[in-house]
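Novice: This is the structure alone, sequence omitted:
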């Protein structure tokens, strides 16, 4: 994960522990980031507007630190606060754990909310993306789908 991939929104109104967690994540200090995000998450109530955001980054940091249960934290954060940035974190966590189908699903859901989200678009491009089959009831390898697909690409 490169430094410019950590965040895409302005989080200046978030608590200092969250900002420190972002800084640690940028420095690839995932253990420290987990501690900061845990503190940020515990500092607000479940109904706080930032709770889902803090949980999402906590889950991502936990996955990057080697804890697969962080993926569940990302999933629950998206349920609490469905937002494109949170879907990005879920997709990153899934991709890191080699769960491509879950990553693709998270990217699709995030792009449904914000079709221009730079992080989701970049992740979509990096993991590879197939277009839908022209004739969906036929297999991708069927000659009709191949011919129509070739025409559509021109």
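Specialist: Yep, it's here. Keep in mind it's a predicted model, so treat the numbers as computed, not measured. Residues are numbered from 1 along each chain as shown.
Novice: Please compute how far stretch 121-135 lies from its chain's middle.
Specialist: With CA atoms, centre = their mean, to the nearest Å as the basis, stretch 121-135 stands 16 Å off its chain's centre.
Novice: who are the neighbours in contact with the most centrally placed residue in the chain?
Specialist: Closest residue to the average C-alpha location of the chain: residue 88 at 2.0 Å, with CA atoms, centre = their mean. Applying CB atoms under 8 Å, 6 or more residues apart in numbering to residue 88 gives the contacts 8, 106-107, 110, 117, 119-120, 123. All C-beta atoms are positioned from the backbone trio N, CA, C, and that covers glycine.
Novice: go again using 10 Å as the cut-off
Specialist: Contacts for residue 88 (CB atoms under 10 Å, 6 or more residues apart in numbering) come out as 5, 7-8, 56, 60, 74, 106-107, 110-111, 114, 117-123.
Novice: Just give the closest residue to it, not the sequence neighbours.
Specialist: Leaving aside its sequence neighbours, residue 88 sits nearest to residue 119 (CB to CB, 6 or more residues apart in numbering; 4.6 Å).
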